[in-house]
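J.: just coords:
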């Protein structure tokens, strides 16, 4: 994929051929200019991204035995140890369920929210604040609040469920339910944030189309769906990448609420890495698991960027 | 029924209002609980109805466990320091990726994106080593430095610049303006929504960050808000003072929430015009 | 000041607030990392204590660094050490000592004892016997106990009266516990409105409480002298797991699944649980927040009375300059003095690790005023060392995962303890290969 094709992806970028024919003078200013512009970022990326990756990669190939003995080169043994660890397999499976189970509802809700509050008035102003508020709360604090919300019998959820004659499960302590409760927090926390992207994305859709479709009832909704989907494809691809990266790189709520329990029911890959590195002194295994998760994330992101490119063309 | 005029929007509004109620419940509870006496546990503690005799003691307890004035100041310093440097790095890089052609551009762009994929726990030790080598250990600058480059911000600014028609730059360059003048006087003002949109993301993220500041900072006079908040959230031996926790959470969130309430329209508009639509 | 009994002199001088009038030494600055185990206000009290120390002498200036929870503190201290900035003194969860010694993070405190002319036996003599095992690794002193706890049975006096139980006599045995729990549990048809008994089931706490139950069932849980053995697949542990299983699934007096400690204390405050097993470290917290009258009792026994120790000790990290090491030890000596430990104990609810702390007038008066603290103190002679092995957390988790599965009704106790033992043995194998199985 080329950068030119990525530029095409943006419908607002204007006629794609234009930049090629009339180039601003400064583009010819000197070969070094782009690199000079990137240099400040690259300095920090080298220090805090590439250097650590190299260090992690070196760690992944070595073993520093906690039980004693010299550290040594072990080739890919750490990778096979991770893949052969039932706890990792469980965490990876959980992570898959967690990723799909949070990203899909979060995006649907974000779109729904965006449709509802896309225009500015007093009512939507309140709604926007309410829906966006969870994004402002630190995940550590949100998790502590949800500890209370999910308390058996006494918590917010059970308190109000009881009023309508229902009885909730042990939200965080039942191994069949806990992961879904954790997912609920993630959806609550992120939907309002992605809503902002969809409010922006909806600008690509002619307002009349939305209004007409809505007034038209069920058929209209159906039509809206078919108009919206392709028009919002670039936004969706963008949000999917951000959302996936987000759900795979934040586990504060797991740390605060369940520490991966009961019986690993809520363990996720990132927390597995955390445990191996910082609780079990298995730095090699942690490094190997880190590299694998980076590889998976990178593959997903590249895939999404490609999808974004295709989606963009569909509109342009 | 379905065909009635305006039913769908109404249905949508009702649905969203119901969801909004669910969304707001934790926040409402936080506010109510923060003013409720007997914050550690009682039968009616989950009620969303405010108590008749509100108390400020939860706030007093929360404020008592740390120097919150100092924490606000330090957090504001970290957040604005990170943002200021980021604005420079991401504008320059975003411009380069959006407007210039050069060998290795694609590779560099993906190399930037790699930053998004790295998981924080794996970076604690390597990054701490780097911070020590740079002489930034136990300083607010050390808490900021790893975030000075932002892949997300670069990506966002690139999209923003791409969304700006080239006519303006062309006109300016015909007049003989140098590239930096064009960027400064023409492009950046037009890209301001992009920067504002990024600012929300950046400020929220760093305002709420816990683990990294905890790792870098020792000196209590450099502590940030989330470290103060941890005093209520990290208790190990079973104590959960819900009232104090709620009050503490409000103390941390309040500045951001007030800012969002005050500027939500401009924020949202910024997102609309930032080019992050895709 | 260079006398052989320097540390005792220093302790006395500093504890009484008398300043040091030694030769003009350059002031040594050191960092002290401490977690807050229960409530936020403990952080402020610790900062105050350190300020008292700094004002009391001119040679050492300590920066008190609040470092989150126990796990955050360990993570931060280890990361700082790896990055070349080891903290001088850390208040560390006491069962990490074996692991931290193995990873080469913490240093033996023996040289300081020698320099002070004290032996380990003499130094530890004033500390409760149960604390000695966690303070030493392979026969050397690595940690100085600072605050400690054991599990304790808390119960609601009103509920006892309603159920016709004598609130002055808590259940002493497992049979009495089960019986009382049945009477205390309030049912509405199939629904349970109030549970007779609850205990935290989250990681860390659960392992601690299972060791309490297996120990009071006559067991040992782990080898106190050697980090390579645990006794999960043993009759004493099997009995303990079956007891928990019965309380949940047979007697239905305890909620199924896992409830974290915060949930258990909240349920106790709200009157939703009549008896709870929680740490003595929560004593002050419960005293302040429990509105209904409550009382405390020993952890009930099946075979014998026994409870594990919990808590934190002061350790020093390797990689310090000679001056910081000396300063760190000086500070530890002050912080672990009879008076300081006693004051901290009264403030937090933890018990003081030094027996002499209980001989002071303030402490006697405090114990007289707080009968619940007296019960916790009376249980101390039955205390056993805290679970600590090679890879402590993972080995503990091997049991906890299985017990949680039992609590969720996913597994039977017999299979659970077998699988826990298998997993633990696997984890411990590299250590045994380097120690017990490394033959000439």
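T.: Nice, I can see it. Because the structure is a prediction, the values reported are computed rather than measured.

J.: and residue 80, what does it touch?
T.: Reading this off chain A. Counting by Cβ atoms under 8 Å, 6 or more residues apart in numbering or on different chains, residue A:80 makes contact with nothing. Glycine gets a C-beta too; all of them are placed from N, C-alpha and C.

J.: meant chain C actually
T.: Contacts of residue C:80 (Cβ under 8 Å, 6+ apart): B:128, B:215, C:86-87.

J.: Please tell me the pLDDT value assigned to it.
T.: For residue C:80, the pLDDT comes out at 93.

J.: now do residue A:211
T.: Reported pLDDT for residue A:211: 71.

J.: element containing it, please.
T.: Taking DSSP states H and E as the criterion, residue A:211 maps to helix A:207-215.

J.: same deal with residue A:175?
T.: With DSSP H and E as the test, residue A:175 turns up in no helix or strand.

J.: and the spatially most central residue of chain C, what does it touch?
T.: The centre of chain C sits closest to residue C:310, judged by Cα atoms, centre = their mean, with a distance of 1.4 Å. If you count contacts by Cβ under 8 Å, 6+ apart, residue C:310 has them with B:237, C:94-95, C:148-151, C:208, C:279, C:281, C:386.

J.: Now do the same contact list for the closest residue to it other than its chain neighbours.
T.: In space, and not counting its chain neighbours, residue C:310 is closest to residue C:149: 4.6 Å by Cβ to Cβ, 6 or more residues apart in numbering or on different chains. Counting by Cβ under 8 Å, 6+ apart, residue C:149 touches B:237, C:279-281, C:309-311, C:350-351.

J.: Dump those into JSON lines; add secondary structure and pLDDT as well.
T.: As requested, those are exported to JSON lines (DSSP: H, G, I helix; E, B strand; the rest coil; pLDDT from 0 to 100):
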{"residue": "B:237", "secondary structure": "coil", "pLDDT": "50"}
{"residue": "C:279", "secondary structure": "strand", "pLDDT": "92"}
{"residue": "C:280", "secondary structure": "helix", "pLDDT": "90"}
{"residue": "C:281", "secondary structure": "helix", "pLDDT": "84"}
{"residue": "C:309", "secondary structure": "coil", "pLDDT": "94"}
{"residue": "C:310", "secondary structure": "strand", "pLDDT": "92"}
{"residue": "C:311", "secondary structure": "strand", "pLDDT": "90"}
{"residue": "C:350", "secondary structure": "coil", "pLDDT": "89"}
{"residue": "C:351", "secondary structure": "strand", "pLDDT": "90"}
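
J.: between the residues you listed, which has the most around it?
T.: Neighbour counts for the contacts of residue C:149, by other Cβ atoms under 10 Å in any protein chain shown, peak at residue C:279, which reaches 31 neighbours.

J.: rewinding a little: may I see the contacts of residue C:149 organised as TSV, with distance to residue B:153 added?
T.: What follows is these, written out as TSV (distance: Cβ to Cβ, whole Å):
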residue	distance to residue B:153
B:237	41
C:279	46
C:280	50
C:281	45
C:309	50
C:310	46
C:311	46
C:350	47
C:351	52
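
J.: Let me know the closest of those residues to chain A.
T.: Nearest to chain A among these, counting by Cβ to the nearest Cβ, is residue B:237 at 15.0 Å.
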